[in-house]
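>>> can you look at this prediction? I've put the sequence above it.
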Amino acid sequence: FINAIYTTVGFGDVHATNTAEQLVCIVIMLMGVMVFGTLLAEVESGMAEMRLMVRERAQFLHRLKNFLRDKGVGLDLERRILDWVDFDFTMTQQEKRTEISMSHLSPDLKRELEEHLLEGRLASVAFLDIPHVQDVELQLDVHRTGQSVLFPKGSLVYESEEAEDFMLVLQEGSIRVTDVNGANVAMLEIGHVIGPWNLMGHHDPLADFG
């Protein structure tokens, strides 16, 4: 009976019979209205933010499409450009939301959130797995000094023969690893690391993929 009153208007055949019971039912109904009103307001707020982001992306892509067509860009190139810009726009919005959220946190809470977002992805890095340097703070420092880089689908990400001073941690998508003849060697997924020993000044092509 209480659940029915809280969520709807109660039963028709079961009802309050005196003033005290009627007052209790009224209070329960008002509480139900306030709770469900608050939930609906939260849902609407989230939907409004999502609609705003979708509208901004649609307007940006529409202006870009008009520009490409005014310049006589072919349909295949136009499609690839729009797909890339759509992906880049989405990832940029995600990074902005993360930065805004981080800016309002205390140092302790910020560190805990960073550790959660990191999800131990750098624990598989070879030089960070050495017992005397295996430390969450070190992993967080490495993560903070990094930056996000987006690669179009099908583009060259890394050549093992090149000596570089950076490593790549795959956050989204996948990377196909091929040999010099173009044959598939492996498929790297989210969390895989490329070139972990580059940061230590040592280049070993056989140890590039972790």
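Done, it's in.

>>> and stretch 148-159, end to end?
19 Å (C-alpha to C-alpha, to the nearest Å).

>>> so that it lines up with my notes, have the first residue be 519 from now on.
Okay, using 519 as the starting number, the last item reads as stretch 666-677.

>>> buried residues in it, which are they?
Tyr676 (16 or more other C-beta atoms under 10 Å). Bear in mind the C-beta positions are built from the backbone N, C-alpha and C, glycine included.

>>> okay, the spatially most central residue of the chain: pLDDT?
In the chain, the centroid-proximal residue (C-alpha atoms, centre = their mean) is Gln612; its distance is 5.8 Å. Turning to Gln612, the model gives it a pLDDT of 78.

>>> that one: which element?
helix 593-621 (DSSP states H and E).

>>> in that helix, what counts as buried?
Buried residues in helix 593-621 (16+ other C-beta under 10 Å): 599, 607.

>>> tell me which other helices or strands it touches.
helix 537-588, helix 625-636 (3 or more C-beta pairs under 8 Å, 6 or more residues apart in numbering; DSSP states H and E).

>>> give me that answer again for 6 Å
In this structure, helix 593-621 makes packing contacts with helix 537-588, judged by 3 or more C-beta pairs under 6 Å, 6 or more residues apart in numbering; DSSP states H and E.

>>> and the angle for the helix it packs on with helix 593-621?
Counting by axes from the mean of the first three to the mean of the last three C-alpha atoms, to 10 degrees, helix 537-588 lies at 140 degrees to helix 593-621.

>>> chain center to helix 537-588, what's the gap?
Its chain's C-alpha centre and that of helix 537-588 lie 21 Å apart, by C-alpha atoms, centre = their mean, to the nearest Å.

>>> neighbours of Leu586, how many?
Using other C-beta atoms under 10 Å, Leu586 is surrounded by 17 other residues.

>>> contacting residues for Trp602?
Pro670 (C-beta atoms under 6 Å, 6 or more residues apart in numbering).

>>> what about it, distance to Leu656?
34 Å (C-beta to C-beta, to the nearest Å).

>>> equivalent analysis for Phe605, please.
Taking C-beta to C-beta, one finds Phe605 at 32 Å from Leu656.

>>> residue ranges with poor pLDDT in this protein?
527-530, 637-653, 678-683, 714-728 (pLDDT under 70).

>>> same thing but at 50, please
Within the chain, the stretches with pLDDT under 50 are 723-726, 728.

>>> quick one: the residue of it positioned farthest from its centre from Leu548, how far?
Relative to the centre of the chain, the most outlying C-alpha is that of Asn536, 55.6 Å out, by C-alpha atoms, centre = their mean. Note on Asn536: its distance to Leu548, by C-beta to C-beta, is 19 Å.

>>> cool, and Arg694?
On the measure of C-beta to C-beta, Arg694 and Leu548 end up 60 Å apart.

>>> then Ala538?
16 Å.

>>> now do Val654
48 Å.

>>> now swap in Asn584 and tell me
From Asn584 to Leu548 the distance is 53 Å (C-beta to C-beta).

>>> what's the answer for Gly691, then?
From Gly691 to Leu548 the distance is 50 Å (C-beta to C-beta).

>>> do Lys583 as well
Counting by C-beta to C-beta - Lys583 and Leu548 are separated by 52 Å.

>>> so these two - more neighbours on which side?
Lys583 (15 against 10).
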